[in-house]
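> Below is the sequence, then the predicted model.
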Amino acid sequence: MLKLPTKPNSTLINPSPNKTSDDNVPNGQKSVIVKLENVRKTYTNGAVGLRDVSLELYKGDFKFITGHSGSGKSTLLKLLYGAEQATDGDVIVNGFNLNNLKGNNLAMLRRKIGIVFQDYKLVPRRTVSENVAFVLMAQGYTYKEIQRRVQPALKMVGLIHKADCFPEELSGGEQQRTSIARAIVNTPPLVLADEPTGNLDPDNAWQVIKILKKLNSFGVTVLLTTHDEQLVRAANHPVLHLQNGYIV
Ligand SMILES: Nc1ncnc2c1ncn2[C@@H]1O[C@H](COP(=O)(O)OP(=O)(O)OP(=O)(O)O)[C@@H](O)[C@H]1O
Ligand SMILES: [Mg+2]
């Protein structure tokens with residue numbers, strides 16, 4: 001079991017993980033973190049995920065993607081974290097064209113992306129803190145650095161008191177907050193969330209949105225898919241609407 005410092009570490013999640021001197025181009029315009037240009041995705045069985053999508057996301061943006069089931073929301077996110085490759089067009093994340101990224105380079109890019117899924121994808125036989133620490137262990141962080149990061153990530157999602165619980169001992173909302181802590185523990189500048197509130201009741205869904213909003217206020221770019229129109233209205237961020245593989 002991962003032993004955490006008893007006193008919360010005051011080194012909170014880097015409050016400005018995204019704010020580097022090159023964040024803003026000289027004329028004051030924000031820089032692009034995600035760009036899709038005429039992207040088409042056809043799966044091997046012929047199903048079309050995206051037909052022709054172009055979009056830009058700027059550092060510090062918080063955007064929703066909405067659309068009916070099958071409209072291509074998950075496909076879009078999968079292209080951004082390299083789980084799928086575009087059939088045509090360019091997918092550029094953090095300055096890298098994913099068409100040309102393979103092996104280690106792709107792994108390096110993924111480290112700069114926090115991913116949150118509808119079904120949490122926690123490891124059942126690991127505690128909350130171990131689930132969060134796992135990604136850092138896999139990336140070769142030192143034990144000390146892991147300890148320094150896990151506690152603030154859990155604090156950010158309000159789960160310090162559940163650090164030693166196993167996923168089955170948590171509510172759905174707590175499991176999702178654990179998965180957010182895991183996504184942000186290495187302070188990525190970009191968080192992609194695919195229906196993160198899909199399995200949650202309205203209160204827990206709103207807690208998740210509030211955490212993502214807080215992250216965004218620190219400079220993290222957030223792209224989030226959802227079916228929940230009410231949540232989108234309440235959160236009050238720009239919306240991209242997908243329909244049948246197009247942004248409309
Ligand atoms: N691995 C795959 N192989 C073949 N077809 C796929 C695959 N993944 C998605 N598709 C197809 O691509 C289209 C878009 O699917 P996608 O999962 O992106 O939709 P979605 O908007 O996320 O839907 P939902 O709201 O149900 O999650 C659908 O027609 C789907 O059947
Ligand atoms: Mg989906």
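Done, it's in. Ligands and ions are numbered 1, 2, ... in the order given.

> Where does the prediction get shaky in the chain?
Where the chain drops to pLDDT under 70, the residues are 1-28.

> For ligand 2, what's its nearest residue on it.
residue 74 (3.1 Å; C-beta to the ion). Placement of C-beta: from N, CA and C, glycine included.

> how about that residue, what does it touch?
194-195, 225 (C-beta atoms under 8 Å, 6 or more residues apart in numbering).

> Which positions in the chain make contact with ligand 2?
For the chain, the residues in contact with ligand 2 (C-beta under 5 Å from the ion) are 73-74.

> Report whether residue 126 is found in a helix, as I expect.
No. Counting by DSSP: H, G, I helix; E, B strand; the rest coil, residue 126 falls outside a helix, being coil.

> Show the backbone phi and psi for it.
phi -120, psi 150 (degrees, to the nearest 10).

> pretty sure it is in contact with residue 137, am I right?
No. Using C-beta atoms under 8 Å, residue 126 makes no contact with residue 137, being 10.7 Å away.

> neighbour-wise, which of the two wins?
Between residue 126 and residue 137, residue 126 has the larger neighbour count (other C-beta atoms under 10 Å), namely 16 against 13.

> okay, the contacts of residue 74 in JSON lines with neighbour count next?
Formatted as JSON lines, these follow (neighbours: other C-beta atoms under 10 Å):
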{"residue": "194", "neighbour count": "21"}
{"residue": "195", "neighbour count": "20"}
{"residue": "225", "neighbour count": "24"}
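
> How about the top helix by length along the chain, which residues are buried there?
Under DSSP state H, the helix in the chain containing the largest number of residues is helix 202-217. For helix 202-217, the neighbour count (16 or more other C-beta atoms under 10 Å) marks 204-209, 211-212, 215-216 as buried.

> just stretch 160-174 next, same as before
Neighbour-count burial for stretch 160-174, with 16+ other C-beta under 10 Å as criterion, is recorded at 160, 162-163, 165-167, 170, 173-174.

> mind listing what residue 49 touches?
By C-beta under 8 Å, 6+ apart, the neighbours of residue 49 are 41-43, 72, 75-76, 84, 245.

> picking that back up, chain center to the longest helix of the chain, what's the gap?
Here helix 202-217 is found 13 Å from its chain centre; the criterion is C-alpha atoms, centre = their mean, to the nearest Å.

> Also stretch 193-206?
14 Å.
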